[in-house]
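Q: A predicted structure for the sequence below; I have some questions about it.
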Amino acid sequence: MAGQLKLGLALSYWSAGPPPGLAELVATAEGLGYESMWAAEAYGSDALTPLAWLGSRTTRMRLGTGIAQMSARTPVATAMAAMTLDHLSGGRFVLGLGASGPQVVEGWYGQPYPRPLERTREYVAIVRQVLARERVAYHGKHYQLPHPGGTGLGKALRSTVHPLRTDLPVMLAAEGPRNVALAAEIADGWISVFYPARDDAFYRKALAEGFSRPGARHTQDAFEVTCKVEVEIADDVEAAADRVRPLLALYVGGMGAKGANFHYEVFARMGFEAACTRVQDLYLAGHKAEAAAAVPLAMVEAVALVGPPAKIADDLAAWRESAVTTLLVSGDVAKLAAIADLVHR
């Protein structure tokens with residue numbers, strides 16, 4: 001797998017509205033050799049509509065949800081959208097799914113969060129039934145089709161649309177080892193975040209656990225691993241890291257409650273627990289600038305590419321040797337061109 005890194009364009013979350021110039025940026029990225037683009041959702045813009053709109057301006061790029069939140073749609077609604085976009089794009093759609101966290105799932109979508117791995121397994125099984133154009137019947141702990149109760153008139157139905165691809169790729173977002181193993185077992189790829197390329201034995205072990213399970217769909221060689229990587233090019237390494245520190249402080253300090261922050265746990269496993277505790281305490285106390293300043297350079301360099309071009313080119317060697325197959329990056333046209341030059345050397 002070494003040396004085979006692909007590039008994907010990560011479409012950022014919208015703030016008050018759509019970022020200007022997105023269509024032109026996407027077209028430029030495709031011309032620069034970016035192989036895919038990925039749209040996210042949380043509690044604002046959705047992940048599917050931008051791919052339909054922007055994907056129509058492209059001819060080659062794969063169109064991935066990174067991620068579509070499972071609690072936002074029933075499994076069959078997600079499968080319907082996936083089939084629709086796959087037809088419209090000529091077979092370029094990738095369905096990335098994720099469980100998100102309890103604050104969003106229960107606070108925004110009004111759905112229960114407990115036992116996310118069980119729910120994920122059931123959700124993917126139903127999506128695959130739809131994609132196989134089977135009559136959809138499922139009786140799990142979290143999803144039941146047809147609905148047991150109501151009028152009693154519900155019946156198992158088959159999609160009227162014939163899927164363009166019954167093997168449309170389904171990828172799972174995961175951070176913890178059990179969820180990573182689940183992705184390796186039941187999915188076609190893993191959408192990772194904050195991946196420590198220089199020390200990825202922990203995740204390789206989790207992936208191997210999933211690949212070894214009975215009925216696993218793939219081996220490592222046929223499995224895609226994407227990772228959103230912050231790239232900041234500057235002669236001064238600390239100055240480049242300063243552009244990444246607020247993001248890490250947000251995720252470690254504010255994306256989740258104290259004691260229930262998956263991103264915190266990711267960095268703690270890397271050996272940064274003391275720094276994470278300080279960052280989280282400062283962030284939750286409202287001291288966001290101080291929280292960002294408390295993020296050590298080593299923590300930034302563990303998951304991001306920062307510094308002058310020559311340093312980044314050297315640091316890319318670790319990514320080429322890692323389990324990651326696709327780097328997802330964002331930026332303006334100049335930055336995307338510079339990253340493409342470094343990765344495609």
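A: Perfect, I can see it now.

Q: Could you count how many residues lie near Glu290?
A: Here the number of neighbours of Glu290 (other C-beta atoms under 10 Å) works out to 15. Any C-beta I mention is one placed from the backbone N, CA and C, and that applies to glycine too.

Q: what's the answer for Lys6, then?
A: Quick note: Lys6 (other C-beta under 10 Å) scores 18 neighbours.

Q: Angles on the backbone of it, please.
A: The phi/psi pair for Lys6 (degrees, to the nearest 10) reads phi -110, psi 160.

Q: Tell me if I am right that Trp38 is in a helix.
A: No: applying DSSP: H, G, I helix; E, B strand; the rest coil, one finds Trp38 to be strand, outside a helix.

Q: pLDDT wise, what is it at?
A: Model confidence at Trp38, given as pLDDT, is 98.

Q: Now do the contacts for it.
A: Gly8, Leu9, Ala10, Leu11, Gly64, Thr65, Gly66, Gly96, Thr226, Leu328 (C-beta atoms under 8 Å, 6 or more residues apart in numbering).

Q: Just confirm the last one is within a helix.
A: No: applying three-state DSSP, one finds Leu328 to be strand, outside a helix.

Q: sorry, back to before: who wins for neighbours among the contacts of Trp38?
A: So for the contacts of Trp38 (other C-beta under 10 Å), the most neighbours sit at Gly64, 31 neighbours.

Q: What's the per-residue pLDDT of it here?
A: pLDDT recorded at Gly64 is 98.

Q: does Glu41 really touch Gly66, like I thought?
A: No: counting by C-beta atoms under 8 Å, Gly66 is not a contact partner of Glu41; they are 9.3 Å apart.

Q: Residues that sit against both of these two, list them.
A: Contacts common to Glu41 and Gly66, judged by C-beta under 8 Å, 6+ apart, are Ala47.

Q: where along this structure do the strands fall?
A: Counting by DSSP state E, one finds strands in the chain at the ranges 6-11, 36-39, 62-65, 68-69, 93-98, 138-139, 144-145, 170-173, 189-193, 224-228, 231-233, 305-307, 326-329.

Q: Of all the ones you listed, which one is nearest Val105?
A: Val105 lies closest, by C-beta to C-beta, to one member of the strands of the chain: strand 68-69, at 7.6 Å.

Q: What is the neighbour count of Gly101?
A: Gly101: 21 surrounding residues under other C-beta under 10 Å.

Q: Please read the previous query as pertaining to Tyr113.
A: 18.

Q: can you list the domains in this protein?
A: Per automatic domain parsing, the structural domains of the chain span 6-231+306-343, 245-303.

Q: before we move on, back to that, which of the contacts of Trp38 sits closest to Leu54?
A: For the contacts of Trp38, the nearest to Leu54 is Leu11 (7.6 Å; C-beta to C-beta).

Q: Do you know the pLDDT at the closest one?
A: Note on Leu11: pLDDT of 95.

Q: Grab the nearest non-local neighbour of it.
A: Leaving aside its chain neighbours, Leu11 sits nearest to Ala39 (4.7 Å; criterion: C-beta to C-beta, 6 or more residues apart in numbering).

Q: Please apply the same query to Leu7.
A: Closest residue to Leu7 apart from its sequence neighbours, by C-beta to C-beta, 6+ apart: Tyr34 at 4.8 Å.

Q: That neighbour reaches Ala340, doesn't it?
A: Yes: using C-beta under 8 Å, Tyr34 makes contact with Ala340 at a distance of 7.1 Å.

Q: Return the set of buried residues in the longest helix seen in the chain.
A: Ordering each helix of the chain by length in residues (DSSP state H) puts helix 116-131 first. For helix 116-131, burial by neighbour count (16 or more other C-beta atoms under 10 Å) applies to 116, 119-124, 126-131.

Q: by how many degrees do that helix and strand 93-98 diverge?
A: 160 degrees (axes from the mean of the first three to the mean of the last three C-alpha atoms, to 10 degrees).

Q: Helix 116-131 - contacts with which helices or strands?
A: Where contact means 3 or more C-beta pairs under 8 Å, 6 or more residues apart in numbering; DSSP states H and E, helix 116-131 is packed against helix 75-88, strand 93-98, strand 138-139, strand 170-173, helix 177-186.

Q: right, so of those, which gets closest to Asp236?
A: strand 170-173 (33.1 Å).

Q: So what touches the closest one?
A: Strand 170-173 is touched from outside by 64, 66-67, 94-99, 120, 124, 127-128, 179, 182-183, 186-193, 224, 226, with contacts defined as C-beta under 8 Å, 6+ apart.

Q: what distance separates stretch 313-331 from the centre of its chain?
A: Using C-alpha atoms, centre = their mean, to the nearest Å, the mean C-alpha position of stretch 313-331 is found 15 Å from that of the whole chain.

Q: got it, and stretch 31-39?
A: Centroid separation between stretch 31-39 and its chain, computed with C-alpha atoms, centre = their mean, is 15 Å.

Q: List the buried residues of it.
A: Applying 16+ other C-beta under 10 Å to stretch 31-39 flags Leu32, Tyr34, Ser36, Met37, Trp38, Ala39 as buried.

Q: cool, and stretch 88-97?
A: By neighbour count on 16+ other C-beta under 10 Å, the buried set for stretch 88-97 is Leu88, Ser89, Arg92, Phe93, Val94, Leu95, Gly96, Leu97.
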